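Participant: here are the coordinates; sequence isn't available:
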């Protein structure tokens with residue numbers, strides 16, 4: 001038997017949800033009690049009201065659940081968008097940072113790396129910081145470190161002749177395509193045409209070593225020899241000696257232990273004093289020098305008798321850390 005006070009409380013809509021559910025369930029299970037306590041019309045009204053309250057409560061719960069679900073979905077979308085924006089921001093920031101770093105590196109290289117190109121029709125002479133000299137042919141280009149005295153490496157595209165100032169602590173290197181030529185003090189020409197992979201190195205005086213990754217061999221040249229690298233490999237020739245012999249067909253003679261072949265004077269580790277004496281006679285020119293300054297200085301190479309003497313003397317002076325002064329009025333050269 002249901003408690004009358006609970007029923008009255010239910011009818012006054014003052015009981016809790018749990019109490020209301022209990023009353024409704026009890027009355028459904030005991031319809032005779034309902035008939036005894038309430039008229040039929042009042043009971044029907046009560047059931048309709050309770051059902052409406054149940055539906056409204058259910059709608060509110062559904063609405064609340066949907067609202068919570070929407071909030072969770074919105075939060076998830078915002079989280080994903082936020083994460084995407086954050087990741088994109090980090091990527092853009094890192095990318096920008098890398099780009100700035102690359103630009104800074106490129107700028108640093110540009111600041112410390114010198115590029116010289118000859119756009120003239122005649123050869124361009126470049127005086128290097130270490131005292132060496134580069135004669136750059138038309139359309140050719142060289143690149144080297146600004147601090148050249150301690151990093152004597154030159155990248156060559158095209159053709160150039162190098163007169164190297166002697167420095168035993170810092171070898172002089174020229175890289176052209178796949179060929180690396182190394183010298184301490186010498187004169188040589190490199191021809192690396194841009195429209196072909198062929199490279200040739202011709203030694204005029206001194207000594208150089210030539211290496212190539214393609215040939216996988218290091219070769220030491222002597223004056224007059226030419227190293228030529230092609231796709232098939234490399235070969236060494238002595239083109240000038242052969243041409244001189246064919247052109248003049250003169251007999252080979254010697255002057256003070258100096259070999260004379262055609263128009264060339266060939267010196268092989270001759271003391272500079274002897275070299276200047278021979279050149280003075282052959283070119284009918286006065287060459288003054290201090291013997292003490294020439295002590296233990298030698299020259300290996302060849303000089304063409306039909307070429308001007310001053311550039312040849314200048315090369316010898318540069319190779320041996322000497323200075324040359326010319327007096328054209330008196331047809332005289334002074335070497336100190």
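Facilitator: The structure has been received and is ready for your questions. None of these values were measured; they are calculated from a predicted model.

Participant: output the below-cut-off pLDDT ranges for the protein.
Facilitator: Applying pLDDT under 70 to the chain flags residues 1, 7, 10-12, 31-111, 194-196, 239-257.

Participant: could you give the number of residues near residue 321?
Facilitator: By other CB atoms under 10 Å, 13 other residues sit near residue 321. Any C-beta I mention is one placed from the backbone N, CA and C, and that applies to glycine too.

Participant: let me fix that: residue 112
Facilitator: Neighbours of residue 112 under the rule other CB under 10 Å: 11.

Participant: residue 317 - that's part of a helix, no?
Facilitator: Yes. When DSSP: H, G, I helix; E, B strand; the rest coil is applied, residue 317 is found to be in a helix.

Participant: and residue 326, how far from residue 157?
Facilitator: For residue 326, the distance to residue 157 (CB to CB, to the nearest Å) stands at 33 Å.

Participant: name the next helix or strand downstream of the longest strand along the chain, please.
Facilitator: As assigned by DSSP state E, the longest strand anywhere in the chain is strand 153-163. Counting by DSSP states H and E, the element after strand 153-163 in chain order, helix or strand, is strand 172-176.

Participant: which stretches in the stretch 51-200 of the chain count as helices?
Facilitator: With DSSP state H, counting those that start in this stretch as the criterion, the stretch 51-200 of the chain has no helices.

Participant: sorry, slip of the keys, the one I care about is the stretch 201-336 of the chain.
Facilitator: Using DSSP H, counting those that start in this stretch, the helices of the stretch 201-336 of the chain run over 239-248, 272-282, 309-319.

Participant: list the contacts for the closest residue in space to residue 325 that isn't next to it in sequence?
Facilitator: Leaving aside its chain neighbours, residue 325 sits nearest to residue 334 (4.4 Å; criterion: CB to CB, 6 or more residues apart in numbering). Counting by CB atoms under 8 Å, 6 or more residues apart in numbering, residue 334 makes contact with 288, 289, 324, 325, 327.

Participant: wait, doesn't the last one sit right on residue 310?
Facilitator: It stands for residue 327. No. If you go by CB atoms under 8 Å, residue 327 and residue 310 don't touch, sitting 11.0 Å apart.

Participant: neighbour count winner among the two?
Facilitator: Counted by other CB under 10 Å, residue 327 and residue 310 do not tie: residue 310 has more neighbours, with 14 against 11.

Participant: could you pull up the residues touching the more buried one?
Facilitator: 324, 326, 333.

Participant: so how far is residue 158 from the last one?
Facilitator: The one in question is residue 333. 32 Å.

Participant: out of these two, which sits in the more crowded spot?
Facilitator: residue 333 (24 against 19).

Participant: ok, so what distance separates residue 331 from residue 238?
Facilitator: From residue 331 to residue 238 the distance is 33 Å (CB to CB).

Participant: again, but for residue 315
Facilitator: In terms of CB to CB, residue 315 sits 20 Å off from residue 238.

Participant: so for those two, which residue has more residues nearby?
Facilitator: residue 315 (23 against 15).

Participant: now stretch 224-235: buried residues?
Facilitator: 224, 225, 226, 227, 228, 229, 234 (16 or more other CB atoms under 10 Å).
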